[in-house]
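Asks: Sequence and predicted structure are below.
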Amino acid sequence: MRKKYGSEAQSASGRKTLAIIFAALIITVAITNFLPADPIDYGFMSVLPALFLIVYIFATRRILEALILASILGFIMVSRPETMGNNESWLANTFTNFSDAALATMMNEDIAFLLIVCGLMGSIIALIEKAGGAYAFGEWIASKAKSKTSSLICTWILGCVIFIDDYLNSMTVGACMTKITDKHRVPREFLSYIVDSTAAPLCVIIPISTWAIFCGRILETTGWAPAGEGMQYFIKTIPYNFYGWIAAIIVPLIILGVIPIFGPMKDAFHRVAQGGPLAPPGSEKMDIRGGKDSVVPTDPKVMNIFLPIGVLIASTVLMDCDMQKGVFTTLIFMFVFYMWQGLMTEEEFFDLVLEGIKNMLMPIMLMILAFLFKEVNEQIHFTYYVINAVAGFATPQLLPLIVFIALSITEFITGTNWGMYIIALPIVVPLAQELGCDVTLAVSAVLSAGVFGSHVCFYSDATVITSAACGCNNFDHATTQAPFGVLAAAVSAVLFLAFGFIIN
């Protein structure tokens, strides 16, 4: 039989994709005819877009399209005329809902923050590369860390030191350590795992971080923490944020060989050992450096990375952990600092700013679509269904474990940890109080679930930002990291179960 080549094969693949999409749309419309008029009564059917998303991602490895299609399916479910309370057609309502949600998502303050901070962090990395700072740092750290193990331990230590914000952590550590770990033939998937495991997991157990500030405010809105005392109540949860502690602690154990490398990560090491590429296929689309190798500068200086990164960290801390102000301050400093050294012209500086933003477009697009998917999940009450479904099985002793497992699953699907906290904490706190469960332990289970679910999600901000900083395809980063995340989650689950009986 003659094989299909070129456009003929692409045409067949295109027709197959269209058939799958149309089948999913038709099935969704058919099922929706039998749904209650009020989305809050959808029950198990609210899980359908999430199930489609996961199946489509594993079947195609295409995350961007999966998020779009899963969102459309969700909007179909809430767009019947009787649900909308209008006389418009189903198709018109779906189109309107999708369009309105897309606009609302783009106008969301969190998205605006992502566009500014992540885009300009791309600019900062591009400028540091051009100024020779990254190259000089690589040479300097190479003189200190002369083996694969020592370079990976240095990566872990650097991640533990930069705990102010998970974005700042991932972008800084990933950009700084890629060159040196590349020299030691470390798969980009493993570098990404180390960087990701010292970002959000540490931010949720450190009281001077953006996570602590945000969670403290949410705890005040739930009524558990009195006004102005949110931070003190967040500090109470730190000893019980088991996933954050364990995820960070097992990293050096894996680096030192105490815990062996297993699962898909072992395949990544095998690929590199056989002379294959350090990064998995498709990584250039996510790479903050645009998939390009850095050019060797004529006069590389370590201060061209140390000072900008130092200004970024210091200004972020001094301005109430506001990373947006920190990024602006750093760019102003870099303009003056690099111009004074004559490293580049004004035109080159701003060309690099735009180049850095362009390199972040794919990661930013994935995060925007994740927020869009979160929006439709809120409309079909997905998280509420999951929490209410498991609440019936809850006892004071089992509630922390149930909350951790249930919300880990919802966070893995929705991918927005802070968004999940906003929805889940106002439900879990009064539920714990009503059952007589220790509220601190229950809240800690919510916080740990947010970190774990985001840690292993294909399109969460943690996964996407880390992938971009380390130059690794986010699908491969998530799949290779997942077994180690599940290991940490399993230990955490045992601890939540044990402390549920010890404390309550």
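Replies: Received it, and whenever you're ready, just let me know what you need.
Asks: And the helix or strand hosting Ala24, what does it pack against?
Replies: Using DSSP states H and E, Ala24 maps to helix 6-32. If you count contacts as 3 or more C-beta pairs under 8 Å, 6 or more residues apart in numbering; DSSP states H and E, helix 6-32 packs onto helix 48-60, helix 63-77. In this view, the C-beta of every residue, glycine as well, is placed from N, C-alpha and C.
Asks: And those: which comes nearest Gly119?
Replies: helix 63-77 (17.9 Å; C-beta to C-beta).
Asks: any idea of the angle the helix holding Ala24 forms with helix 48-60?
Replies: 160 degrees (axes from the mean of the first three to the mean of the last three C-alpha atoms, to 10 degrees).
Asks: Buried residues in helix 6-32, which are they?
Replies: By neighbour count on 16 or more other C-beta atoms under 10 Å, the buried set for helix 6-32 is 24, 28-29, 32.
Asks: low pLDDT regions in the stretch 101-250 of the chain?
Replies: Flagging of the stretch 101-250 of the chain using pLDDT under 70 yields an empty set of residue ranges.
Asks: what helix or strand does Asp299 sit in?
Replies: Applying DSSP H and E, one finds Asp299 in no helix or strand.
Asks: ok, now how distant is it from Glu88?
Replies: Noted for Asp299: a distance of 65 Å to Glu88, by C-beta to C-beta, to the nearest Å.
Asks: same thing with Ile162?
Replies: With C-beta to C-beta as the criterion, Ile162 and Glu88 are 51 Å apart.
Asks: quick one: which of the two has more around it?
Replies: The residue with more neighbours, out of Ile162 and Glu88, is Ile162; 21 against 14, by other C-beta atoms under 10 Å.
Asks: Test my guess that the more buried one contacts Met171.
Replies: No. Look at Ile162 against Met171 with C-beta atoms under 8 Å: they stay out of range, at 9.5 Å.
Asks: so Ile125 makes contact with Ala175?
Replies: Yes. If you go by C-beta under 8 Å, Ile125 and Ala175 touch, sitting 4.7 Å apart.
Asks: tell me, what's touching those two both at once?
Replies: 134, 288, 469 (C-beta atoms under 8 Å, 6 or more residues apart in numbering).
Asks: residues in contact with the second one?
Replies: Right, the one you point to is Ile288. 122, 125-126, 171, 174-175, 356, 359-360, 363, 468-469, 471.
Asks: Can you flag which of those residues belong to helices?
Replies: 122, 125-126, 171, 174-175, 356, 359, 363, 468-469 (DSSP state H).
Asks: how about those in JSON lines, adding neighbour count and distance to Val446?
Replies: Shown next, in JSON lines, are these (neighbours: other C-beta atoms under 10 Å; distance: C-beta to C-beta, whole Å):
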{"residue": "Gly122", "neighbour count": "29", "distance to Val446": "32"}
{"residue": "Ile125", "neighbour count": "27", "distance to Val446": "33"}
{"residue": "Ala126", "neighbour count": "25", "distance to Val446": "37"}
{"residue": "Met171", "neighbour count": "30", "distance to Val446": "26"}
{"residue": "Gly174", "neighbour count": "29", "distance to Val446": "28"}
{"residue": "Ala175", "neighbour count": "28", "distance to Val446": "31"}
{"residue": "Gly356", "neighbour count": "24", "distance to Val446": "35"}
{"residue": "Asn359", "neighbour count": "23", "distance to Val446": "34"}
{"residue": "Pro363", "neighbour count": "27", "distance to Val446": "26"}
{"residue": "Ala468", "neighbour count": "32", "distance to Val446": "28"}
{"residue": "Ala469", "neighbour count": "32", "distance to Val446": "27"}
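Asks: okay if I get those residues as TSV plus distance to Ala101?
Replies: Conversion of the ones in helices among the contacts of Ile288 to TSV gives the following (distance: C-beta to C-beta, whole Å):
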residue	distance to Ala101
Gly122	26
Ile125	32
Ala126	32
Met171	28
Gly174	31
Ala175	33
Gly356	29
Asn359	27
Pro363	21
Ala468	25
Ala469	29
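Asks: Just name the closest of these to Arg185, please.
Replies: Looking across the ones in helices among the contacts of Ile288 and measuring by C-beta to C-beta, the closest to Arg185 is Gly174, at 17.4 Å.
Asks: distance of that closest one from Leu25?
Replies: On the measure of C-beta to C-beta, Gly174 and Leu25 end up 38 Å apart.
Asks: Which elements pack onto the lengthiest helix in the chain?
Replies: Taking DSSP H as the criterion, the chain has its longest helix at helix 474-503. Packed against helix 474-503 by the contact rule (3+ C-beta pairs under 8 Å, 6+ apart) you find helix 188-197, helix 242-255, helix 264-273, helix 399-414, helix 439-456, helix 461-470.
Asks: who does the third one touch, helix- and strand-wise?
Replies: Secondary structure elements in contact with helix 264-273, counted by 3+ C-beta pairs under 8 Å, 6+ apart, are helix 188-197, helix 474-503.
Asks: Output these as a markdown table; include the columns distance to Met265 and mean neighbour count.
Replies: Converted to a markdown table, the helices and strands packed on helix 264-273 look like this (distance: least, C-beta to C-beta, whole Å; neighbours: other C-beta atoms under 10 Å):
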| stretch | distance to Met265 | mean neighbour count |
| --- | --- | --- |
| helix 188-197 | 6 | 29 |
| helix 474-503 | 4 | 21 |
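Asks: so Trp140 is in which element?
Replies: Assigned by DSSP H and E, Trp140 falls in helix 133-144.
Asks: which outside residues touch that helix?
Replies: So helix 133-144 is contacted by 125, 128-129, 150-151, 154, 175-177, 179-180, 183, 294, 296-297, 300-306, 308 (C-beta under 8 Å, 6+ apart).
Asks: Quick one: name whatever helix or strand follows that helix.
Replies: With secondary structure assigned by DSSP H and E, helix 133-144 is succeeded by helix 148-161.
Asks: Among the helices and strands packed on helix 474-503, single out whichever gets nearest to Leu487.
Replies: helix 242-255 (6.8 Å).
Asks: Which positions in the closest one come out as buried?
Replies: 242-248, 250-252, 254-255.
Asks: which of these lies closest to Ala70?
Replies: Using C-beta to C-beta, these come closest to Ala70 at Tyr243, 26.0 Å.
Asks: that older thread, give me the distance between the helix holding Ala24 and the centre of its chain.
Replies: Relative to its chain's centre, helix 6-32 lies at 29 Å (C-alpha atoms, centre = their mean, to the nearest Å).
Asks: Likewise for stretch 352-362?
Replies: For stretch 352-362, the distance to the chain centre is 19 Å (C-alpha atoms, centre = their mean).
Asks: residue ranges with poor pLDDT in this protein?
Replies: 1-12, 289-298.
Asks: domains for it, by residue range?
Replies: Under the assignment automatic domain parsing, the domains of the chain span 16-106, 109-220+230-362, 377-503.
Asks: any idea of the angle the helix or strand in which Leu114 is found forms with helix 461-470?
Replies: Using DSSP H and E, the element containing Leu114 is helix 109-131. Between the axes of helix 109-131 and helix 461-470, defined by the same axes, to 10 degrees, the angle is 10 degrees.
Asks: Against which helices or strands is helix 109-131 packed?
Replies: helix 133-144, helix 166-183, helix 303-318, helix 323-341, helix 346-359, helix 361-379, helix 461-470.
Asks: again, only this time at 7 Å
Replies: Contact partners of helix 109-131 among helices and strands, from 3 or more C-beta pairs under 7 Å, 6 or more residues apart in numbering; DSSP states H and E: helix 166-183, helix 303-318, helix 323-341, helix 346-359, helix 361-379.
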